[in-house]
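> Build the 3D model from these lines:
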Amino acid sequence: MKKTNLWTTLALMPLLAACAPTAPAPAPATSEPAESATTPADEASPSGSSGSLSMKEGCEKFNALDEKLAALQPTDKKGLLDLWGEFDQASDAVPYDLQGLYKSMSIVVLGYQGKAAGQGGGPSKQDKDLVSEHFLRASGLCTPEGVTLTLKVL
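As a prediction, this is how the structure comes out:
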């Protein structure tokens, strides 16, 4: 029987829940005349950006983090844990359509960190497949922005 580290399991639970796409809740109906809820930033971003980075910046940020992951030694526990934190934090700053890619990649990085710490065999095939799925979807969003996504380590 395979042992699972309790802390790793607890850390993964909110990440897995965050990977599931959810639709924003509709605004409550009011009897008062409503002002336009659309801002120029919303009109410029058809994906309904929820973060502080533009689509192009989010794509470029992913490539930069992917480069960092490729440069890390597989035994660098601290470096992998730090990179997991960067992916996780960046997921809140990128547009909604890129958040699944960042969240799923943070799960994969956490799997590599667990392997480096001797607490598992690395990310599962399901986790890698989830990243691939989000990567393909995000590639279609990044290419029109002039950014070709990279995925060097999987």
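
> contacts, neighbours, all on C-alpha from now
OK.

> Just list the residues touching residue 53, thanks.
Neighbouring residues of residue 53 by CA atoms under 8 Å, 6 or more residues apart in numbering: 93, 94, 95.

> C-terminal to the helix of greatest length in the chain, what's the next element?
When the chain is scanned for its longest helix (criterion: DSSP state H), the result is helix 96-116. The element immediately downstream of helix 96-116 (helix or strand, assigned by DSSP states H and E) is helix 125-142.

> returning to that earlier point: output the contacts of residue 53 as CSV; include the columns pLDDT, neighbour count and distance to residue 66.
As requested, the contacts of residue 53 are arranged in CSV below (pLDDT from 0 to 100; neighbours: other CA atoms under 10 Å; distance: CA to CA, whole Å):
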residue, pLDDT, neighbour count, distance to residue 66
93, 95, 18, 17
94, 96, 24, 15
95, 95, 24, 18
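
> Output these in TSV; the columns should cover distance to residue 129.
Listed next are the contacts of residue 53 as TSV, based on distance: CA to CA, whole Å:
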residue	distance to residue 129
93	24
94	21
95	22
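
> Could you list the low-pLDDT ranges of this structure?
1-51 (pLDDT under 70).

> Using CSV, write out every CA atom in stretch 143-150.
Extracted in CSV, the C-alpha atoms of stretch 143-150 (Å, rounded to 0.1, in the frame of the first residue of the first chain):
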residue,chain,number,x,y,z
THR,A,143,-0.8,32.7,-30.1
PRO,A,144,-3.0,35.6,-31.2
GLU,A,145,-1.2,37.7,-28.5
GLY,A,146,2.1,37.0,-30.3
VAL,A,147,3.3,34.5,-27.6
THR,A,148,4.1,30.8,-28.3
LEU,A,149,3.7,28.9,-25.1
THR,A,150,6.4,26.5,-24.0
